[in-house]
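Undergrad: only the shape, not the letters, is given here:
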Ligand SMILES: O=C(O)c1cccc(C(=O)CC[C@H]2O[C@@H](n3cnc4c(=O)[nH]cnc43)[C@H](O)[C@@H]2O)c1
């Protein structure tokens with residue numbers, strides 16, 4: 001269970017933003033000089049390892065973080081009304097493919113009795129960030145394999161009907177943050193629709209520009225109200 005710090009305690013600490021790749025790091029750094037931004041690699045494993053390392057190092061040096069933000073580009077679910085260029089703030093960070101296939105269907109790691117399959121960012125932070133950024137809030141799925149077919153997108157929506165976006169790092173970042181008792185958020189700007197793989201349709205420069213824009217609208221005051 002994530003221990004959520006109180007407002008006053010959060011304000012005394014700093015913000016760590018964990019992105020996957022250098023282009024995302026540059027996009028965030030361009031407009032968020034108040035954040036420490038680290039590129040942890042693609043996927044939940046690399047994200048968990050990189051975030052945990054940053055948290056341990058900071059704590060050891062006596063400058064702990066008060067908030068971790070998983071950020072970057074992501075896929076948007078058209079069924080949720082999400083379009084390329086939109087921003088989604090996660091109100092739940094969901095491990096969508098961590099579990100087991102059973103004859104009765106997918107069983108999440110929580111249903112199997114091995115821990116949690118979702119983290120809830122502090123609702124006050126989600127609301128403040130969504131208002132400041134003019135963004136939607138809703139569940140963001142973490143997957144180890146980018147969805148590439150209409151059928152798989154439909155399967156994910158069957159399990160998570162209110163999902164707005166998918167990406168590959170959020171749950172890993174959240175696991176590391178939870179292990180350190182630090183609150184976590186996830187912010188995704190949408191580069192592509194979740195569905196049939198169509199590389200030519202990915203709008204990565206636009207999503208990176210949107211990432212800069214959204215972080216330019218946030219501040220420690222908005223994130224740590
Ligand atoms: O399929 C391809 O050709 C392809 C080309 C460029 C990049 C990819 C990725 O899978 C990038 C993964 C990277 O970006 C995030 N991301 C962006 N959109 C999605 C998505 O629809 N589903 C999952 N992850 C996505 C992800 O967080 C990674 O950091 C593929």
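TA: Nice, I can see it. All figures in this text were calculated on a predicted structure; none of them were measured in a lab.

Undergrad: helix/strand/coil for residue 37?
TA: strand (DSSP: H, G, I helix; E, B strand; the rest coil).

Undergrad: wait, isn't it in contact with residue 15?
TA: No: using C-beta atoms under 8 Å, residue 37 is not in contact with residue 15; the gap is 9.4 Å. Glycine gets a C-beta too; all of them are placed from N, C-alpha and C.

Undergrad: where along this protein do the helices fall?
TA: 7-11, 22-31, 44-60, 123-133, 150-159, 170-179, 204-217, 220-223 (DSSP state H).

Undergrad: mean confidence for the second one?
TA: In this case it means helix 22-31. Average pLDDT, helix 22-31: 98.

Undergrad: run the contact check for it versus the ligand.
TA: No: Helix 22-31 stays clear of the ligand (C-beta under 6 Å from any ligand atom), getting no nearer than 7.6 Å.

Undergrad: and that helix, what other elements does it pack with?
TA: In terms of contacts (3 or more C-beta pairs under 8 Å, 6 or more residues apart in numbering; DSSP states H and E), helix 22-31 is packed against strand 14-19, strand 36-39, strand 65-76, helix 204-217.

Undergrad: and the second one, what's buried?
TA: Looking back up the chat, that one is strand 36-39. 37-39 (16 or more other C-beta atoms under 10 Å).

Undergrad: out of those residues, the closest to the ligand would be?
TA: residue 39 (10.0 Å; C-beta to the nearest ligand atom).

Undergrad: so what's that closest one up against?
TA: Going by C-beta atoms under 8 Å, 6 or more residues apart in numbering, residue 39 touches 19-22, 24-25, 50.

Undergrad: between those residues, which is nearest residue 208?
TA: residue 24 (6.8 Å; C-beta to C-beta).

Undergrad: quick one: name the residues of this protein near the ligand.
TA: Residues of the chain lying close to the ligand (C-beta under 6 Å from any ligand atom) are 20, 42, 72-75, 143, 146-147, 166-169, 191-192, 194, 197, 199.

Undergrad: quick one, which of those residues are buried?
TA: 20, 42, 72-75, 143, 147, 166-169, 191-192, 194.

Undergrad: one step back: which one of the contacts of residue 39 has the most neighbours?
TA: Neighbours here mean other C-beta atoms under 10 Å. Within those, the largest count is held by residue 19, at 28 neighbours.

Undergrad: roughly how far apart are that residue and residue 160?
TA: 23 Å (C-beta to C-beta, to the nearest Å).

Undergrad: same question for residue 86.
TA: Taking C-beta to C-beta, one finds residue 86 at 18 Å from residue 160.

Undergrad: pLDDT value on the residue nearest to residue 138 when sequence neighbours are not counted, please?
TA: Leaving aside its sequence neighbours, residue 138 sits nearest to residue 164 (C-beta to C-beta, 6 or more residues apart in numbering; 3.8 Å). At residue 164, the pLDDT value in this model is 98.
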